[in-house]
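Enquirer: Could you look at this predicted model? Sequence included:
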Amino acid sequence: AQSVAQPEDQVNVAEGNPLTVKCTYSVSGNPYLFWYVQYPNRGLQFLLKYITGDNLVKGSYGFEAEFNKSQTSFHLKKPSALVSDSALYFCAVREALSGGYNKLIFGAGTRLAVHP
Amino acid sequence: EPEVTQTPSHQVTQMGQEVILRCVPISNHLYFYWYRQILGQKVEFLVSFYNNEISEKSEIFDDQFSVERPDGSNFTLKIRSTKLEDSAMYFCASGRMNTEAFFGQGTRLTVV
């Protein structure tokens, strides 16, 4: 069965410092991996995805993520955090051969708090 | 930029009543989804819809739930007889084949 683990409920980082939000996954085949962000009282906003190709993918708002097949991880990173990055971040996965549609399995979410 | 829109933003209903949650997906998308997020819990897949039929549904999506695309633009989720445990944020999403799903702002359903 597919699953996603986000081991940290909350990540605290000072503004200007690099941030990492961790995600590991389990799927039976090749994964499609996604990061979404949720601001208070808002919907899920797509940040970036890994389908195939370069293991380092770049997304919106300066975020990037590194796909590591051997460690089954897809950690979200940003070189310099902003206070406005404070939000709830979700990692999600689906199997590549799931028929073209996005039955996403989400992690529990990690709350990122960036302090001035 | 096109977006998925959902109405209403908040719905309060009495237990046992029927509710219909409405969504307008992005116009050139062919795949449609409903997810829900119970307060403080994970976002959970409910159902996917393609070519006017359900392509997959979760165990949550029992006989009380139904989806419909009545007019080529709207995509609705109906809960026939709401229960207290149906209280959640319901997200509609749409996408194209093998691409990311774009989510709406959500409808907060409160069953009292």
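Expert: Perfect, thanks for sending it. Residues are numbered from 1 along each chain as shown, chains lettered A, B, ... in the order given.

Enquirer: Strands along chain B, start to end?
Expert: For chain B, the strands defined by DSSP state E cover B:5-7, B:10-13, B:19-24, B:31-37, B:43-50, B:53-57, B:65-68, B:75-79, B:88-95, B:102-103, B:107-111.

Enquirer: okay, and the helix or strand of chain B with the least pLDDT?
Expert: Between all helices and strands in chain B, the lowest mean by mean pLDDT, DSSP states H and E belongs to strand B:53-57, at a mean of 91.

Enquirer: report the angle between the axes of it and strand B:43-50?
Expert: With axes from the mean of the first three to the mean of the last three Cα atoms, to 10 degrees as the basis, strand B:53-57 and strand B:43-50 are set at 150 degrees to each other.

Enquirer: What lies in contact with strand B:53-57?
Expert: A:99, A:101, A:103, B:31, B:46-49, B:67 (Cβ atoms under 8 Å, 6 or more residues apart in numbering or on different chains). Every residue, glycine included, has its C-beta placed from N, CA and C.

Enquirer: need the strands of chain B in a markdown table with distance to residue A:20 and mean neighbour count, can you?
Expert: Formatted as a markdown table, the strands of chain B follow (distance: least, Cβ to Cβ, whole Å; neighbours: other Cβ atoms under 10 Å in any protein chain shown):
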| stretch | distance to residue A:20 | mean neighbour count |
| --- | --- | --- |
| strand B:5-7 | 32 | 17 |
| strand B:10-13 | 35 | 14 |
| strand B:19-24 | 34 | 19 |
| strand B:31-37 | 24 | 24 |
| strand B:43-50 | 22 | 22 |
| strand B:53-57 | 33 | 14 |
| strand B:65-68 | 38 | 16 |
| strand B:75-79 | 36 | 20 |
| strand B:88-95 | 26 | 24 |
| strand B:102-103 | 24 | 24 |
| strand B:107-111 | 31 | 18 |
